[in-house]
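K.L.:
structure, please.
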Amino acid sequence: MVRPALLATAVVLASLAASASASAPAQCPGDAIAPDRAITGEFGTDLEKSYVLVPFDVPAGTTAVRVKYCYDEPDANPQVNHTLDLGLYEPRADESDPWGPAEFRGWGGSSHPDVTVSAAGFSPEQDYLADPKGHVPGRTTRGFLPGPIEAGEWAAELGVAAVVSQLEGDMDGRVAWRLEVELTEADTGPPYDPARYSEKPARRGAGWYAGDLHVHAEHSALGDATMNEVFDFAFSPRPEGAGLDFLTLSDYVSGGAWGEIGRHQETYPDRLIIPSAEVITYRGHTNSHSNTTYMDYRTGPLYERATDGTLKKVRAATPPRLIFDRVHAAGGVTQINHPTIFPSDVPAFANLCRGCPWDYSDAQTDYTKVDTWEVHTGPAGFGDPPVPNPFTLTAIDAWDALRAEGHRVTAVAVSDSHNAGRTPGGITQSPIGQGTTMVFAEELSREAIMRAIRLGHVFVKVWSSDAPDLRLDAVTPDGARAMMGDPLAATEATFTARVTGGGGEDRRLIVLRDGQQILTRDVTSDDFEGDRAGDYRLQLERGAAIDGLTNPITLGAKPLEIRAKVKPKRTWARRKRRQFVFDVNLRAQDRVLPLAAAVVRFRGKRARTGPDGRAVVRARVRKPGRYRARITKAGVGDVRRRVRVRRAR
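P.N.:
Predicted coordinates:
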């Protein structure tokens, strides 16, 4: 039965909507332009979480494309807002296909109301600091990609992030928008020259390295900290800075910052900056680490707008597991960001942080393809004694549940910082390093760091890099040893738990099995016994707050196994050294770990697999036949394969 009050409200809203409709601004605010083309339209709530491509023509001789956009706001409720995002695409090679990754020229979300792309690069840092959202003639806007301006049909993409409904406070439940396009033929200056990224290790030697796996700078939201400010704070020692050894620069979507990282590497010779990107979808965010391949963020339906304003669906919604496949194909590492933050089933949260929690189903996600999970996304907590960030607790619980289902997902802690060491948003923001992910790697290089993360050789510090360190090791009765993140086939082991670099009477060390507390220890070195299968991990607590936690050692786990394909690149029966290509995969509980390096031995020669799991061995063969190859992974075991060498044609 419809309540009278609700019925009366509906009647009032309907009558108001009859006399009030969405109206696009007559001119977009900010620096006025003389648009060559102005396009207007409106979207209803039925288009939420979809993307609309709005075509426009760019003639030959154009050197810069400038796009401004704006939209109206709800009439009756200033507490909620419509949200449209802006992307930009150059002409398609095949007009029968929708604009896609090959044509992508940038994405700025709703923080880029006025953007330009040209062959020229980005404006100098001092211009950005003076006016982060200001237009600099001929210069490419941060978050977008410099490059030649091809003549043809371009498209501005309006991502329909949110349309406020009538019940939420908009008279007609529609958002009206305006798009302005200005085309320039003037000289924009020398073409952009991206800096070379050096793969040289920042430091040699195995050890624990402190990092932050989710950091933003100027190529995310306009107004964010500059790259100089970010790196200065991240790599300065505590307490002036974050005291980190590495970070992933995870600016939004486009990869505009990737060509800039190399300009900063020499300034920080013993620190590591790993290219990354935050892939923003309307039902969750994910990081694509350690690769420079653009990942299509558009998991919602894709529409193309005709000149008469009608919309044609050109692509259905797609699941995020396809993004994870593309990340792995590019040699990268996947990460689910702030998965339980501001749950969208709470209306106030949905308006505060749209698309922030992970709202995809298990089938859409496919957790066998997820490498890392943010158990903490800053800030750490509040007050003294500290009260923990509630979303840290829910993220840890969700991670424990994933592990219980057999998913070997590595827990990481991040800051999601946009302002280096500043927190202008108050308690909703944190400085770089809050939290910190500690990684035991063979060296400080992006390959070694990512490999260690995939293996789970990681513990996290929620508050800062100078919080106490955690250690967790195990030995089975037959002498097999493991560190945090490792699986053991045995169901019994003696564990050693240690807290170093701090502690005190106000902290306690909790031992958990499959997410359930089984022991409480003081913070001195201590042993405990594991007597059944399960995930064993540590959690350091201070009052109600969590200071840190380890990834687990798993007893009763299916051991890692090595699978290999051998593909001789060229083979013939002559006494010449030829290349043999080995594709090696490590698997754990049917989950592929392509970054876990192995050593291939063939004909007296050896080579190590790279980030793509591939090793190239240059060896001699005397005659056609079958030859033995051995693939070994320390702590896992080895396999032997026969390589068939054919006579050359």
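
K.L.:
can we go C-alpha only for contacts and neighbour counts from here?
P.N.:
Fine.

K.L.:
tell me the secondary structure at Asp400.
P.N.:
Three-state call for Asp400 (DSSP: H, G, I helix; E, B strand; the rest coil): helix.

K.L.:
spatially nearest residue to it (excluding sequence neighbours)?
P.N.:
Gly515 (5.3 Å; C-alpha to C-alpha, 6 or more residues apart in numbering).

K.L.:
domains for the protein, by residue range?
P.N.:
4-184, 207-467, 468-557, 561-645 (automatic domain parsing).

K.L.:
pretty sure Thr524 contacts Gly501?
P.N.:
No. Counting by C-alpha atoms under 8 Å, Thr524 sits too far from Gly501 to count as a contact (10.8 Å).

K.L.:
which stretch of helix or strand covers the closest residue to Gly207 other than its chain neighbours?
P.N.:
The spatially closest residue to Gly207, leaving aside those adjacent along the chain, is Phe440, at 5.4 Å (C-alpha to C-alpha, 6+ apart). Assigned by DSSP states H and E, Phe440 belongs to strand 436-441.

K.L.:
list the buried residues for that strand?
P.N.:
Neighbour-count burial for strand 436-441 flags 436-441 (criterion: 16 or more other C-alpha atoms under 10 Å).

K.L.:
report the two of those residues separated the most.
P.N.:
Pairwise distances across these peak at 15.3 Å for Thr436 and Ala441 (criterion: C-alpha to C-alpha).

K.L.:
could you pull up the contacting residues of the residue nearest to Gly207?
P.N.:
For Phe440, the contact set (C-alpha atoms under 8 Å, 6 or more residues apart in numbering) comprises 206-209, 449, 452, 457-458.

K.L.:
distance check, it against Gly205.
P.N.:
Distance of Phe440 to Gly205, given as C-alpha to C-alpha, to the nearest Å: 10 Å.

K.L.:
got a list of what Phe495 touches?
P.N.:
Phe495 makes contact with 472-475, 527-530, according to C-alpha under 8 Å, 6+ apart.

K.L.:
sorry, slip of the keys, the one I care about is Ile449.
P.N.:
Here Ile449 is in contact with 439-443 (C-alpha under 8 Å, 6+ apart).

K.L.:
give me the angle between whichever strand or helix holds it and strand 436-441.
P.N.:
Assigned by DSSP H and E, Ile449 belongs to helix 446-455. When axes from the mean of the first three to the mean of the last three C-alpha atoms, to 10 degrees is applied, the directions of helix 446-455 and strand 436-441 differ by 100 degrees.

K.L.:
and the buried ones among the contacts of Phe495, selectable in PyMOL?
P.N.:
Buried members of the contacts of Phe495, defined by 16+ other C-alpha under 10 Å, are picked up in PyMOL with:
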select buried, resi 472+473+474+475+530
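
K.L.:
make CSV from the contacts of Phe495 and add distance to Val115, secondary structure and pLDDT to it.
P.N.:
Formatted as CSV, those follow (distance: C-alpha to C-alpha, whole Å; DSSP: H, G, I helix; E, B strand; the rest coil; pLDDT from 0 to 100):
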residue, distance to Val115, secondary structure, pLDDT
Leu472, 50, strand, 96
Asp473, 52, strand, 96
Ala474, 55, strand, 96
Val475, 58, strand, 94
Asp527, 59, strand, 89
Phe528, 59, strand, 91
Glu529, 60, strand, 92
Gly530, 58, strand, 92
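
K.L.:
shaky segments in the stretch 501-649 of the chain?
P.N.:
503-505, 559-578, 585-597, 611-613, 633-639, 646-649 (pLDDT under 70).
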